[in-house]
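Trainee: whatever this is, show me its structure:
(chains A and B)
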Amino acid sequence: MAAVAVLLATYLLGSVFVGKAAVEYVPWYALLSLARVAGVYLVALAVGLGFGILAATSRDAERVLVPLFDIGQSVPILGYFPIVLTFLILLFPHGVGNEIGADFLLFTAMEWDIFFAVVGAVKAIPSSVEEAARGYGFGGTNHLRYVVIPAVLPALLSGSVLAWNDGWTFDVASEFVQFANSAGTLTTYSVTGLGSYIQLATQQGHVLVSWFGVLVMGEIIFVTNQLVWHRLQDRAATRKPLLASLTRPDLQSPLRLRRRMRRIFGLRMRQVVQSVRVREQIGTRVLAAVFVAGILAVAGLVYLRVPLGAFQGFADALTRPGGQLGNIPLYSLFTLGRLFAAYVTCVFISLVCAILAVTNKSFYRYFYPVYDLGRSVPYLAVFLPLFVTLSGSMPVGAAQEVSGFILLFLAMIWYLLFNVVTAARALPTELTEVSALFGVKGWKRLTDIILPAVLPAFITGSLLAWGGGWNVVIYSEYVQLAGQGSPHVLPGLGYLLDNAAYVLGDIPLVVFFLFIISGIVILLERLVWRRLLRRVERFGVEFN
Amino acid sequence: MEEAPEAGRAVRGRVQLTAILSVRNVVKTFKNGSTVRAIDDVSFEVNYDEFVCIIGPSGCGKSTLLRIMAGLETADSGQVLFRGEPITKPTPKVTMVFQTFGLLPWKTAMENVELPMEVAGMPRAEAEGRADRYLRMVGLGTFLGAYPHDLSGGMRQRVGVARALAIGPEVLLLDEPFSALDELTARALRVLLLKIWSDSSLPTNNFVMVTHNVEEAVMMADRIIVMSPHPGRVVGELKVELPRPRFEHLRDALFFDTVDKLMGMLSSNAEEQM
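Mentor: Residues are numbered from 1 along each chain as shown, chains lettered A, B, ... in the order given. Next up is the predicted model:
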């Protein structure tokens, strides 16, 4: 209820500031976005806790909820956002639809982290504790209050940190959508907040001002992490009263920073590893078959010119001269290529850091603060100002490609870097001693000790990085600036999707592209990453 | 009693008076926020063909001491001499068996045993031959290609022992090698280790084992060094006069007497600490 009230207030206040992109309002915009992200977080928390505990305690609920959330987290949220937004705006006029749409996007950005953290933590309650609780006659509320909630708390906090950061990352995408239809008429869906302010300032040519907005957003993320989440985590870990942490400042030691980070990412690692251990409810073969059959069926229907009635527009859009069906394979490759280029760069940097981490003891003193700061960069918000700034000094297409690359890089690097470096750090002392004892060094140490030790973490990081990458690659392929008739586009699946949604307004076409994107994402994850992880999982180094 | 000859030793007949390993006035301090003196002026010798146990409660620095003897840690002052030469870094002549085995999870039993020999520059065929031979010796002839993940704890420690022995060290250091195993498995491995120690056809005849298990120390050692914690010091030494092979004498009154004596040495010190 509180969350709904916060969101309602956000909407009402926001409507006061509509269209006023001025620097003096920045504190207000920041406050509005903060309220929006916080409100949605509370909703996500309630839903995640409720469904998470349900899924972890009831087999029937698990059978339904876990695959649902698993598929849900694989589908890029920016992929289905256009459909949801269009639908909501039709349903709720006067900007209410925009606000609900923004809230919905933020919700999907946050929900999965919380849900899976709760499920994992409830399932990890030792059976001896459960048995003791049952033995002493704890039931219902008491069980929840004295066993489940305390057990879930640390993981819930780690999940919340991730959710909070993801929420802020998508804030800019949720608050501002702009496109021009085929006639060149500009449409803007926006709700007031820091994210839309950053975009609006760029649109109006005040790039410096929008960089300022990005800075403010990064600041908010960093400060809320330090002041709220990290302290709560420390308290939860040491079992000290939670509220005391908010009022009593304490010194941040690098050691504690590292432990916190490890808890957060340990959680992610465990989630991924657990998800691999559980037999997938819907087989990969079934999914692959559905994917291929779906594409073939659509292609068949369209090419054989089967009369489609209401869906005729959809078929025409695909087959008209210069239409898009033939482009799909090539455009898929372009998008994959972008992801791959960023991924390879991230891999290279992470491996160098892993080696440094093992060979150089003082590496961590610099790594964790840099990581903490780097994670606070709201990369989606960086994209537009970066694009406009770069297009001043290079061809527009190149500027879009480069800023897209940087966006992808920022979205992917932290997963890999953190997982790999932490795994290198977590190398058991005994194995370090074994290599020292038998004189394993140089290249041999790299190939026989370091690389195999970080491999499971590396694959987990890759899985997460690709998941994060898909979300933002869509964002970078389509940019509509005010005062320009046609959008700046990069050939790719993201462009096809956004074009279908905003320019053509063809919902079946959007669904078709979303189907293709989700299919690629899910199959890549299952056929490459999960399969690899299953193979090396037993060689893993434990995080804790 | 004190003069009773050691059956096993007489058969071996290679008793020499000089020490193969001598620990001289070793001091080690750790700085972890506050300064902790882990080892305070420890000295003792390990004679040729001797099985020495170091026993003491946790925090007495016995594992750190073993690591200094292996060249894995350096002493702040004092030194460890191997055949009169100071040990400053790990050498194939002194190897170690680890408490939780220290096997590389991504390598098979064979590959784990081969690794040290490979690193030492031994030709591949020879390394393979030796790895095969030593794995068979510890009873793992049918598990050469198994990964540690697929082996039981006892089998993993057998791989650990084979790995340490295969490069032909003269001194074997054992860091609580059985404390991660259940009692039955540990018992079988103790017998195996004693057999290896007394087998004079193998080059490895000097064992130094760290333990906190009193019966285990009495069952295995010629001599027991007793340490106390905070800071780690040698507080006593006990010669075990029980005849070998020891597992035939575990019901002797002498065994229980020795256990009691050692217990007494350990607990009198524990009380002092309180």
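Trainee: can you tell me the SS state at the residue in the stretch 1-150 of chain A that chain B sits nearest to?
Mentor: When scored by CB to the nearest CB, the stretch 1-150 of chain A has A:S128 as its residue closest to chain B, at 19.8 Å. The way it works is simple: take the backbone N, C-alpha and C, and place the C-beta from them, glycine included. Judged by DSSP: H, G, I helix; E, B strand; the rest coil, the three-state class of A:S128 is helix.
Trainee: pull the distance from the longest helix anywhere in chain B to the chain's centre.
Mentor: Determined from DSSP state H, the single longest helix within chain B is helix B:253-273. Distance, stretch centre to chain centre, for helix B:253-273: 21 Å (CA atoms, centre = their mean, to the nearest Å).
Trainee: average pLDDT for stretch A:425-439?
Mentor: Mean pLDDT, stretch A:425-439: 86.
Trainee: what does chain A put close to chain B?
Mentor: A:428, A:430-431, A:433-434, A:436-440, A:444, A:448-449, A:452-453, A:455, A:536, A:538-540 (CB under 8 Å from any CB of the partner chain).
Trainee: of these, select the buried ones using a PyMOL command.
Mentor: In PyMOL, a selection of the buried entries from those looks like this (16 or more other CB atoms under 10 Å in any protein chain shown):
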select buried, chain A and resi 430+431+433+434+436+437+438+439+440+448+449+452+453+455+536+539+540
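Trainee: inside helices: which ones of the residues of chain A next to chain B?
Mentor: A:E430, A:L431, A:E433, A:V434, A:A436, A:L437, A:K444, A:P452, A:A453, A:L455, A:V536.
Trainee: which ones are touching the fourth one?
Mentor: If I follow you right, that is A:V434. Shown in contact with A:V434 (CB atoms under 8 Å, 6 or more residues apart in numbering or on different chains): A:V440, B:F98, B:G102, B:L104.
Trainee: most neighbours among those, which one?
Mentor: Highest neighbour count within the contacts of A:V434, by other CB atoms under 10 Å in any protein chain shown: B:G102, with 27 neighbours.
Trainee: that one touches B:Q157, doesn't it?
Mentor: No: using CB atoms under 8 Å, B:G102 makes no contact with B:Q157, being 9.9 Å away.
Trainee: now do the strands in chain A.
Mentor: With DSSP state E, the ranges of strands along chain A come out as A:176-180, A:186-190, A:478-479, A:488-489.
Trainee: CSV for these, including mean neighbour count and mean pLDDT?
Mentor: Formatted as CSV, the strands of chain A follow (neighbours: other CB atoms under 10 Å in any protein chain shown; pLDDT from 0 to 100):
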stretch, mean neighbour count, mean pLDDT
strand A:176-180, 22, 79
strand A:186-190, 17, 79
strand A:478-479, 24, 86
strand A:488-489, 17, 86
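Trainee: out of the contacts of A:V434, which sit inside helices?
Mentor: Per DSSP H, the contacts of A:V434 never map to helices.
Trainee: looking at the chain, which helix or strand does the model trust least?
Mentor: In the absence of a named chain, this looks at chain A. In chain A, the helix or strand scored least confidently by mean pLDDT, DSSP states H and E is helix A:244-247, which has a mean of 41.
Trainee: my bad, chain B
Mentor: Within chain B, no helix or strand scores below helix B:7-12, which has a mean of 40 by mean pLDDT, DSSP H and E.
Trainee: what's the next secondary structure element after it?
Mentor: Note on helix B:7-12: by DSSP states H and E, the next helix or strand toward the C-terminus is strand B:19-32.
Trainee: may I have that next one as PDB, with CA atoms only?
Mentor: Below are the C-alpha coordinates for strand B:19-32, written out as PDB (Å, rounded to 0.1, in the frame of the first residue of the first chain):
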ATOM      1  CA  ALA B  19      69.800 -35.000  11.900                       C
ATOM      2  CA  ILE B  20      68.400 -34.800   8.400                       C
ATOM      3  CA  LEU B  21      66.300 -31.800   9.300                       C
ATOM      4  CA  SER B  22      66.900 -29.300  12.100                       C
ATOM      5  CA  VAL B  23      64.700 -26.500  13.200                       C
ATOM      6  CA  ARG B  24      66.700 -23.800  14.900                       C
ATOM      7  CA  ASN B  25      65.300 -21.000  17.000                       C
ATOM      8  CA  VAL B  26      62.400 -20.400  14.500                       C
ATOM      9  CA  VAL B  27      60.300 -17.300  15.200                       C
ATOM     10  CA  LYS B  28      57.200 -16.300  13.200                       C
ATOM     11  CA  THR B  29      54.900 -13.400  13.800                       C
ATOM     12  CA  PHE B  30      51.700 -12.700  11.900                       C
ATOM     13  CA  LYS B  31      50.300  -9.200  11.500                       C
ATOM     14  CA  ASN B  32      46.600  -9.300  11.100                       C
END
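Trainee: list the buried ones in the helix or strand following it?
Mentor: Using DSSP H and E, the helix or strand that follows strand B:19-32 in sequence is strand B:34-47. Using 16+ other CB under 10 Å as the burial criterion, the residues of strand B:34-47 that qualify are B:R37, B:A38, B:I39, B:D40, B:V42, B:F44, B:E45, B:V46, B:N47.
Trainee: got CSV for the residues you listed, with distance to B:L165 too?
Mentor: Shown next, in CSV, are those (distance: CB to CB, whole Å):
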residue, distance to B:L165
B:R37, 34
B:A38, 29
B:I39, 27
B:D40, 33
B:V42, 27
B:F44, 24
B:E45, 23
B:V46, 17
B:N47, 20
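Trainee: for those residues, give me a markdown table that also has pLDDT and distance to chain A.
Mentor: Shown next, in a markdown table, are these (pLDDT from 0 to 100; distance: CB to the nearest CB, whole Å):
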| residue | pLDDT | distance to chain A |
| --- | --- | --- |
| B:R37 | 84 | 21 |
| B:A38 | 88 | 15 |
| B:I39 | 90 | 17 |
| B:D40 | 89 | 23 |
| B:V42 | 92 | 20 |
| B:F44 | 93 | 22 |
| B:E45 | 92 | 23 |
| B:V46 | 93 | 18 |
| B:N47 | 91 | 24 |
